[in-house]
Every structure is written in structure tokens, then in C-alpha cells.
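1. The following block contains a protein sequence and its predicted model.
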Amino acid sequence: MTWNKIKCNRRELQLVGTLNGGQSFRWEYNKEIDEWIGVFSKTVWKLRQDDEHLQYKVIGTLLNKTSKTTKQRCDGEIFKNLLEKYFRLNFKLSDYYKEWSNKDSLFQSACKQFYGIRMLYQEPVENLFSFICSQNNHISRISTMVEKLCKHYGDKICDHEGTTYYAFPDVEKLSSPQIEAELRDLGFGYRAKFIQKSASQIVEWGGEQWFKSLQEMKYKDARLELMKLCGIGPKVSDCICLMSLNHLEALPVDTHVYQIAAQNYLPHLKGKKSVTEKMYSEIGDHFRMLYGDMAGWAHTVLFCADLKKFQQDENSVPTEENPRKRKKK
DNA sequence: GATGCACCTGACAG
DNA sequence: ACTGTCAGGTGCA
């Protein structure tokens, strides 16, 4: 099978920063051949880049099994459209980088090395349960937990080069009562209850339709609605708003973002033990003031720069302000 | 309404 | 090999 191509240069899309920046936990990079393999939309994808294109192959898919209307279009443009939507390629990113650079000198210096960082447009269900797993947790363990969810409760898509690939399970499956005990046995800890409980709440409130209504709501309303779910607080709620509900002003404030904010913009917040709700909204509002209505996307670029900075600084001497970070993955 | 603390597990540093 | 620490937070007292 040959590679399909979408015109898109490296300034507009940088795969490593976008796929490995903590947005999705399902992409794997093969260094030897410079290719990515991953799953979204019940489809297994291989991706790579040249200077002028994003290249892709569809390794396997369940789409033609789930709907007849899809089947007719599967040979055509459907995969290209899915990919363009996933990477939000309709946004001219370099224009936004210019805009954010003009508004903020820190962004201006950070973005030089970290161009092409895109906000993925993810599926709400996968996004929500992945980030329930993310709380108080390492990226490496989050990835294995997400894979476990897929392997045990998702539909098999295909085998490829010795690995079996699974779609992310639907909410109905995760809502069944025995799930909590099963997930505990699988090592999910206290998150097991959150997953089962949230799933049944979502089913009760209308499943996919409920997510659709959240997209149509104002950001702040959608945020509060999500926080009614068990195991979803301010931070995870903002992750979901930003990454799968198209509320690009949503801005998740985690420990990293707090550090960045206190270090560079809001010095009076330095040295606090934890992020209170008041601090949380102060930090979010500051960035929204600074960058405007796509502040969440802009802050993700800063966040990536921060992650990578620590990876590069691995051999440097840790200080109190910059403690030794654990290796990601 | 604000603050403090327990929470599952395993990856990683010492 | 063998620990202690702690991670992209949240619920509950």
C-alpha cells in the first residue's frame, strides 16, 4: 500500500510535539523508520512527514462495519477528511503563532523551536476517560492504562506486525456495574470507581447526544456540566473542553502550568503548596487575557516547550525551583 | 466558601 | 535487588 499525502509543511504541523505532548496517549513513534502508529476513529493509522506533506496509511478500520453510508465513502475521501479534522488542518497555525508572539514575548521565544504544535480534535469519550486516568499519575502509566481499557473493552480493529490494535470502548461498555471491580484488578486503583460511575452518568444523560450538547454550550457552562461527573474536577474538565469539545479558550491548569505562570507572569503565586480554585481561575484568566479566545491552544505550545526543556535538561543539576523531572516514557 | 488530607499503583532515583 | 517518593487531581470531611 502506498502513502497518501496531504499538503502540509513542518511549520504547520510538527508530529512529535503534537502526538507526544500529552494530548493523546495512543501514539507510538518508531525512531528507526521515523513513523508513527496510532488509533483514532476506530481506525489504525500510520503517519510520517516530509518537508511539504503529512503522509498517511490506513492499516485497519472498523468504520465500514459500523455504518453503510460510511462504507460507500470508505474508498474515497473519508480518511483524508478524518485526518484533516483530527489535526484541525483548516486552522492556519503560522498566523496564530504570529498573533500570539506579538502578544507575548515568552511565547515568541518558546515557539521558535516548538513550531507546528496543534491542538488535536479528539473524540470526547476517549479524551474523558484517558484524563480521568491522568490524575495524580505518570504519563507512562496513563498510556498503559488507556491501552488496557482498549484491549479489555474495545473492539478489535486488526493485527499488524505482531500487535493487535483495538478501538477505544464506548461508554455503554464502561458503564456496566462489574467494571469497577475488574478495573481494580487491572491496577486502576481508585480511578476504577470514577470510570464506572462517570460512564453510567453519561449514559443516563444521553451519551453522544450529551457530548454534542456540551459542544454547543458556552465554555463555562460545559465546564460546570462536566464537573458533575464523578472523578472530574476543574483540571480534567478543562482538558475535555479544550481537546474534544472545541472550546479552545479552556485552559487546564496543572502543576506544570502553575509553575510556568508563577515563574513568568504571576510572581505572587510562587511557592504555594497547591493550586487553589481561586489561583486556578486567576491563572486561566491571565492567559485568556493575554492570548484571547484560543488561549488553550497557545498555552499548549508553552506546555510542550516546558516538557521538552526538562527532557533536554535531564543531565543538569536539579534545583529547588527546577526539581529533577522523571523521564516521560 | 475555603483548606487539608487520603487515595491505588508502579516507574524511577537513590 | 530493595526501598521511598511521587506523579499533568479529586472527593470528602
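-> Sure thing, it's come through.

2. okay, now the closest residue to DNA strand C within the stretch 151-300 of chain A: neighbour count?
-> For the stretch 151-300 of chain A, the residue closest to DNA strand C is residue A:233, as judged by CB to the nearest atom of the strand, at 2.4 Å. Placement of C-beta: from N, CA and C, glycine included. Look at residue A:233: counted by other CB atoms under 10 Å, it has 13 neighbours.

3. which ones are touching it?
-> A:135, A:227 (CB atoms under 8 Å, 6 or more residues apart in numbering).

4. got the phi/psi numbers for it?
-> phi -110, psi -160 (degrees, to the nearest 10).

5. do the same with residue A:30
-> Here residue A:30 shows phi and psi, under degrees, to the nearest 10, equal to phi -100, psi 100.

6. is it in a bridge, and if so with what?
-> residue A:35 (DSSP bridges).

7. That one touches residue A:46, doesn't it?
-> No. Under the criterion of CB atoms under 8 Å, residue A:30 makes no contact with residue A:46, lying 9.2 Å away.

8. Counting neighbours, go ahead and name the busier of these two.
-> Higher neighbour count among residue A:30 and residue A:46: residue A:46, with 18 against 12, using other CB under 10 Å.

9. and that one, helix, strand or coil?
-> Secondary structure, DSSP: H, G, I helix; E, B strand; the rest coil: residue A:46 is strand.

10. Which pLDDT value belongs to the closest residue to DNA strand B within the stretch 151-300 of chain A?
-> The minimum distance from the stretch 151-300 of chain A to DNA strand B, using CB to the nearest atom of the strand, falls at residue A:189 (2.2 Å). According to the predicted model, the pLDDT of residue A:189 comes to 98.

11. Where does it fall, secondary structure wise?
-> If you go by DSSP states H and E, residue A:189 is not part of any helix or strand.

12. Straight-line length of stretch A:157-166, end to end?
-> Length of stretch A:157-166, first residue to last, CA to CA, to the nearest Å: 5 Å.

13. Which SSE is immediately downstream of the helix or strand of chain A with the lowest mean pLDDT?
-> None of the helices or strands of chain A scores lower by mean pLDDT, DSSP states H and E than helix A:68-73, at a mean of 53. Remark: after helix A:68-73, the chain's next helix or strand is helix A:78-86, criterion DSSP H and E.

14. I'd say residue A:15 and residue A:45 touch.
-> No. Applying CB under 8 Å, one finds residue A:15 not in contact with residue A:45, separated by 11.5 Å.

15. Quick one: residues contacting the closest residue to DNA strand C within chain A.
-> Closest contact between chain A and DNA strand C, by CB to the nearest atom of the strand, is at residue A:22 (1.0 Å). Residue A:22 is in contact with A:139, A:303, A:307, counting by CB under 8 Å, 6+ apart.

16. which parts of chain A sit against DNA strand C?
-> A:21-23, A:134-139, A:141, A:190, A:194, A:227, A:229-237, A:239, A:252, A:254-257, A:274, A:303, A:307, A:323, A:325-326, A:328 (CB under 7 Å from any atom of the strand).

17. Kindly give a single ChimeraX line that selects the buried subset of these.
-> Buried residues within the residues of chain A next to DNA strand C, by 16 or more other CB atoms under 10 Å, are selected in ChimeraX with:
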select /A:21,22,23,134,135,194,229,231,232,234,235,236,237,239,252,254,256,257,303,307
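
18. Which of the residues of chain A next to DNA strand C fall within helices?
-> Judged by DSSP state H, the subset of those located in helices is A:134, A:139, A:141, A:194, A:234-237, A:239, A:255-257, A:303, A:307.

19. now the residues you listed as CSV including pLDDT?
-> Converted to CSV, these look like this (pLDDT from 0 to 100):
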residue, pLDDT
A:134, 97
A:139, 94
A:141, 97
A:194, 98
A:234, 98
A:235, 98
A:236, 98
A:237, 98
A:239, 98
A:255, 88
A:256, 89
A:257, 94
A:303, 88
A:307, 74
